[in-house]
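**Q** sequence unknown, structure follows:
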DNA sequence: ACGATGATGAAC
DNA sequence: TTCATCATCGTA
């Protein structure tokens, strides 16, 4: 199980290293796993696509907590988005988990793994029922990772919308 | 290409 | 209190 120290690093590094790791969900003794294939980095308050760029609000408060905290928010009136908080406490940055090998799309992923507001603000771990594991057979440095602009962030302006902060395992 | 669908945050 | 917006998806 990946610990706090994995997430307490530069957000781009974490986003680049999460593909190939396993997202694990445990509910009532049942376990679901999915190999992460796609992530996006939201690198901090200076990043105009990042929720924390407009300061601390009730919604984004979990982003200001320690690395490894779960940040789940609701959007478009029907979808939950799963993020993992990165870097030091009070530096609000996170990685959006966009897809696993069996599921493409951040909203479909949360629906499949039954992730909603009840996990918001909790820490990754067995107690929470959501954590991330590495597979010793998979060497991240050998994976082919494609870098692309982030999706759905045109509102942030060209500079930030065009940053290649989306990581896809091909 | 567009409508669903409602929480969120900023303005008033 | 109102109102535009939204880190999306299914259907057409």
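**A** It's in. These numbers come from a predicted model, not from an experiment. Numbers count the residues shown, from 1 in each chain, chains lettered A, B, ... in the order given.
**Q** Now for the nearest residue to residue A:42 once chain neighbours are set aside, how many residues are close by?
**A** Of all residues not flanking residue A:42 in the chain, residue A:50 sits nearest, at 4.0 Å (C-beta to C-beta, 6 or more residues apart in numbering). (Each C-beta comes from the backbone N, C-alpha and C, glycine too.) Burial of residue A:50, expressed as a neighbour count using other C-beta atoms under 10 Å, amounts to 23.
**Q** The lengthiest strand in chain A near DNA strand C anywhere?
**A** Identified as the longest strand of chain A according to DSSP state E is strand A:30-42. Yes: using C-beta under 7 Å from any atom of the strand, strand A:30-42 comes into contact with DNA strand C via A:40, A:42.
**Q** Now do that strand: which elements does it pack against?
**A** Judged by 3 or more C-beta pairs under 8 Å, 6 or more residues apart in numbering; DSSP states H and E, the packing partners of strand A:30-42 are helix A:11-17, strand A:22-27, strand A:94-100, helix A:106-112, strand A:166-169.
**Q** Need the ones you listed in JSON lines (columns: distance to residue A:159).
**A** As requested, these are exported to JSON lines (distance: least, C-beta to C-beta, whole Å):
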{"stretch": "helix A:11-17", "distance to residue A:159": "16"}
{"stretch": "strand A:22-27", "distance to residue A:159": "31"}
{"stretch": "strand A:94-100", "distance to residue A:159": "19"}
{"stretch": "helix A:106-112", "distance to residue A:159": "23"}
{"stretch": "strand A:166-169", "distance to residue A:159": "16"}
